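Colleague: okay, sequence plus prediction incoming.
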Amino acid sequence: MDRYIPYVSAVVWNILRGSMTPEDGEEVVSDVFVAAWSQAEDLRPGHVKGWLGAVARNKAKNKLRELGKTLPLEDGVLDLPGTEFPGDGLEREEEQRLVRRAVNALSPQDREIFLRHYYYAQSVKEVSAAMDLNESTVKTRLRRGRLKLKELLTEGECPAYEA
């Protein structure tokens, strides 16, 4: 817990974004570690962090749904927590800036689809229902978005625009 609590807390609070009391947020974080404890035999070394992150996102989303709240899509949505590697703040800030630019280069609808699916971990079905689109349309737009981001980030063609 000592090793991963900052990471899990950051994942949970990036989704909750102040939509509930600190105590409720702490309860969500605790629920993540209870789930880890109850499924400890299934956790594989080297995959714990990813598993915890996925469970944290799902538990936070479920808590928002339970309270009847929705997931906001805000300008600073890609401000990722820098909890993993202290001391590399400048590199991390530059990386976040480039990713933000690339995501902002997508059309508004593609950007929303991308953020809902990859940042808020909504399933294709959830995204399609929320945006009133066919699931196949969402999958196609996600694929095209990934290709566009890869092109922008690997070929250094990120536009100068940054929200």
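Modeller: That came through, no problem.

Colleague: pull out the buried residues from the helix or strand hosting Val34.
Modeller: According to DSSP states H and E, Val34 maps onto helix 22-38. Residues of helix 22-38 classed as buried by neighbour count (16 or more other Cβ atoms under 10 Å): Gly25, Val28, Val29, Asp31, Val32, Phe33, Ala35, Ala36. C-beta here means a position set from N, CA and C on the backbone, and glycine is covered the same way.

Colleague: from Gln122, how far out is the fifth one?
Modeller: This points to Val32. According to Cβ to Cβ, to the nearest Å, Val32 and Gln122 sit 18 Å apart.

Colleague: quick check, central residue of the protein?
Modeller: Compute the mean C-alpha point of the chain, and by Cα atoms, centre = their mean the closest residue is Tyr119, 2.6 Å away.

Colleague: pick out whichever of the buried residues of helix 22-38 sits closest to Arg65.
Modeller: Val28 (12.2 Å; Cβ to Cβ).

Colleague: isn't the closest one right next to Ala60, touching?
Modeller: Yes - at 5.5 Å, Val28 counts as touching Ala60 under the criterion of Cβ atoms under 8 Å.

Colleague: mutual contacts of these two, please.
Modeller: The contact sets of Val28 and Ala60 overlap at Val12, Leu16 (Cβ atoms under 8 Å, 6 or more residues apart in numbering).

Colleague: which parts of the lowest-mean-pLDDT helix or strand in the chain are buried?
Modeller: The weakest-scoring helix or strand in the chain, judged by mean pLDDT, DSSP states H and E, is helix 89-104 (a mean of 75). Neighbour-count burial for helix 89-104, counted by 16+ other Cβ under 10 Å, picks out Val99, Arg100, Arg101, Ala102, Val103, Asn104.
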